[in-house]
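Q: The amino acid sequence is not available; the structure is as follows:
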């Protein structure tokens, strides 16, 4: 079986008809192209395209991307073995999954996990269902093959390390230096880390946030500002019918306060949206030395030291009208909260302005949001800056860190499940056991 890295060779081995269907057909491999052709014959182009668009939107982009890749690999294997991909013979599917289970990486490790093989089986079943065909994966030979693979691969799942509170402090300590051109990335990344941790958000949920989804409200019990994050769609609520929201209170310290981080980041987004990146650069530019010298208190002339007098030699004072000094960015104090001064933003106007846009290395803000994979890479990058092994962390480390840290802090199962929107207590209990394996454990009553 081909190693997953040989994607270009796999595509070259596909028959021309298969390649044409993948390249020219609908973007979703789960859409029945024959049915869409029939729709186009009965309705005009606008109506048929509307139907195709909504059919494609019925599945998440990540699911479609994975299924498309799985179907491509299955089609390539069938082409190489002289078998039929659609409709498929159940025995062919079982042999394909067994061969995939035996595929190895150059390091000798299995190329596909049991979960990935089950997803491959699900992709084959989904394409058959979309084309009105019975699923070959329901047969005993396929089910027993997958069961045998799971029993053979009795290994613990690899879980990433959670970002606990002290780890979060280390990540925040690695933020870029203030000033242009790193200040935009500094403020965006600070907000992302704090919201991802305190809100127990998945990486896809972080990437999908817009300014319309976040509002600053008041905690009626304390009078302090709090951040309300509305999740338009989640992994467990893809249609958004449950109106899931998470509340983030004001932090005890300004540099760990999600509301302050949001207010500071929105201030830059407004400057950039109103006047462009050049104005944003001027907004963040440090005060020029000449202006700083003119505004600083000067000692009397009779008390100047030789060194201070020598520093003025060779520099003539400016004459005539001078251009105004560039505006300075508000000082982000490490001891004073800035969230109390936030009064809303005009960018939350229904235009779905991304909360976490892409930023170039030159400090320019893009108009598209970062991807879920970029969130994971961001966490890994700051873990490396903190001297930690980036391979041990991922985008899920923020969500896992919330549950583990909350359990260490004495939060109940109900409280953790409410903020993290978990519906299965087993998931929360796994985090709690990781945090404190002796909590509510009868072994502590043995008297050893």
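A: Cool, the structure landed. Only a predicted model underlies this, so the values are computations on that prediction, with no experimental measurement involved.

Q: mind checking how far residue 90 is from residue 123?
A: Distance, residue 90 to residue 123, using C-beta to C-beta, to the nearest Å: 15 Å. Placement of C-beta: from N, CA and C, glycine included.

Q: ditto for residue 200
A: Relative to residue 123, and taking C-beta to C-beta, residue 200 is found at 29 Å.

Q: How about residue 91?
A: Residue 91 is 18 Å from residue 123, where distance means C-beta to C-beta.

Q: Need phi/psi at the residue nearest to residue 277 when sequence neighbours are not counted.
A: Distances taken as C-beta to C-beta, 6 or more residues apart in numbering place residue 364 nearest to residue 277, at 4.8 Å, with adjacent residues excluded. As for residue 364, its main-chain torsions (degrees, to the nearest 10) stand at phi -90, psi 130.

Q: What is the burial count for residue 364?
A: By other C-beta atoms under 10 Å, the residues close to residue 364 number 17.

Q: Hmm, residue 278 and it touching each other?
A: No. At 9.8 Å, residue 364 and residue 278 do not qualify as touching, with contact defined as C-beta atoms under 8 Å.

Q: For the stretch 101-250 of the chain, which segments count as strands?
A: Using DSSP state E, counting those that start in this stretch, the strands of the stretch 101-250 of the chain run over residues 214-218, 225-231, 244-249.

Q: what's the angle between the second one and strand 244-249?
A: Which is strand 225-231. Per axes from the mean of the first three to the mean of the last three C-alpha atoms, to 10 degrees, the angle that strand 225-231 makes with strand 244-249 is 160 degrees.

Q: Remind me what strand 225-231 packs against, helices and strands.
A: Under the contact criterion of 3 or more C-beta pairs under 8 Å, 6 or more residues apart in numbering; DSSP states H and E, strand 225-231 touches strand 214-218, strand 244-249, helix 258-284.

Q: separation between residue 100 and residue 110?
A: To residue 110, residue 100 is 9 Å away according to C-beta to C-beta.

Q: what about the two, which has more around it?
A: Using other C-beta under 10 Å as the criterion, residue 100 and residue 110 rank with residue 100 on top: 23 against 18.

Q: Is that one inside a helix or a strand, and which specific one?
A: Taking DSSP states H and E as the definition, residue 100 sits inside helix 90-102.

Q: now that helix, how far from the centre of its chain.
A: Centroid separation for helix 90-102 versus its chain: 33 Å, with C-alpha atoms, centre = their mean, to the nearest Å.

Q: just stretch 335-352 next, same as before
A: Between the mean C-alpha location of stretch 335-352 and the chain-wide mean there is a distance of 22 Å, by C-alpha atoms, centre = their mean.

Q: any idea what sits nearest residue 167, other than its immediate chain neighbours?
A: Residue 167's closest residue in space is residue 401 (C-beta to C-beta, 6+ apart), at 6.9 Å.

Q: how many other residues sit next to that neighbour?
A: 25.

Q: what residues are up against it?
A: Residues in contact with residue 401 (C-beta atoms under 8 Å, 6 or more residues apart in numbering) are 162, 163, 164, 165, 167, 168, 197.

Q: want to throw these into a markdown table with pLDDT and distance to residue 265?
A: Conversion of those to a markdown table gives the following (pLDDT from 0 to 100; distance: C-beta to C-beta, whole Å):
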| residue | pLDDT | distance to residue 265 |
| --- | --- | --- |
| 162 | 92 | 25 |
| 163 | 94 | 20 |
| 164 | 94 | 24 |
| 165 | 94 | 21 |
| 167 | 95 | 22 |
| 168 | 96 | 17 |
| 197 | 96 | 16 |
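
Q: Verify the stated contact: residue 153 with residue 112.
A: No. At 9.8 Å, residue 153 does not count as touching residue 112 under the criterion of C-beta under 8 Å.

Q: Could you check which of these two has the larger neighbour count?
A: More crowded of residue 153 and residue 112, by other C-beta under 10 Å: residue 112, with 22 against 14.

Q: So which helix or strand of the chain has the lowest pLDDT on average?
A: Using mean pLDDT, DSSP states H and E, helix 306-310 stands out as the lowest-scoring helix or strand of the chain, at a mean of 33.

Q: okay, residue 90 and residue 123: which has more neighbours?
A: For residue 90 versus residue 123, neighbours defined as other C-beta under 10 Å are more numerous around residue 123 (24 against 18).

Q: so what's the more buried one closest to, chain neighbours aside?
A: Of all residues not flanking residue 123 in the chain, residue 70 sits nearest, at 3.7 Å (C-beta to C-beta, 6+ apart).

Q: Could I get the pLDDT score of the one you found?
A: The score at residue 70 is 93. That number is its pLDDT.

Q: Go ahead and list the helix or strand containing it.
A: Residue-wise, residue 70 maps onto helix 61-81 under DSSP H and E.

Q: Go through that helix and flag the buried ones.
A: Within helix 61-81, the residues that count as buried by 16 or more other C-beta atoms under 10 Å are 63-64, 66-79.

Q: Can you point out the buried residues in stretch 125-144?
A: For stretch 125-144, the neighbour count (16+ other C-beta under 10 Å) marks 125, 126, 127, 128, 130, 135, 136, 137, 139, 141, 142 as buried.

Q: I'd like the mean pLDDT over that stretch, please.
A: Taken as a whole, stretch 125-144 has an average pLDDT of 91.

Q: end to end, how far does it reach?
A: End-to-end distance for stretch 125-144, by C-alpha to C-alpha, to the nearest Å: 16 Å.

Q: Could you tell me how far it lies from the centre of the chain?
A: Between the centre of stretch 125-144 and the centre of its host chain there is 33 Å, according to C-alpha atoms, centre = their mean.

Q: Provide a list of residue ranges in the protein with pLDDT below threshold.
A: For the chain, the stretches flagged by pLDDT under 70 are 1-41, 44, 48, 52, 55-57, 155-157, 236-240, 286-334, 433.

Q: list the contacts for residue 225?
A: Going by C-beta under 8 Å, 6+ apart, residue 225 touches 216, 217, 218, 219, 250, 259, 339, 340, 342.

Q: Can you redo those residues as CSV, where the extra columns are distance to residue 447?
A: Rendered in CSV, the data for these read as follows (distance: C-beta to C-beta, whole Å):
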residue, distance to residue 447
216, 53
217, 51
218, 51
219, 46
250, 45
259, 49
339, 51
340, 54
342, 56
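
Q: out of those, who's nearest residue 174?
A: Set against residue 174, the nearest of these by C-beta to C-beta is residue 259 (22.1 Å).

Q: what's the nearest residue to the closest one if we skip its chain neighbours?
A: Spatial nearest neighbour of residue 259, chain neighbours left out: residue 339 (3.7 Å); criterion: C-beta to C-beta, 6+ apart.

Q: What number of neighbouring residues does the one you found come out with?
A: Neighbours of residue 339 under the rule other C-beta under 10 Å: 21.
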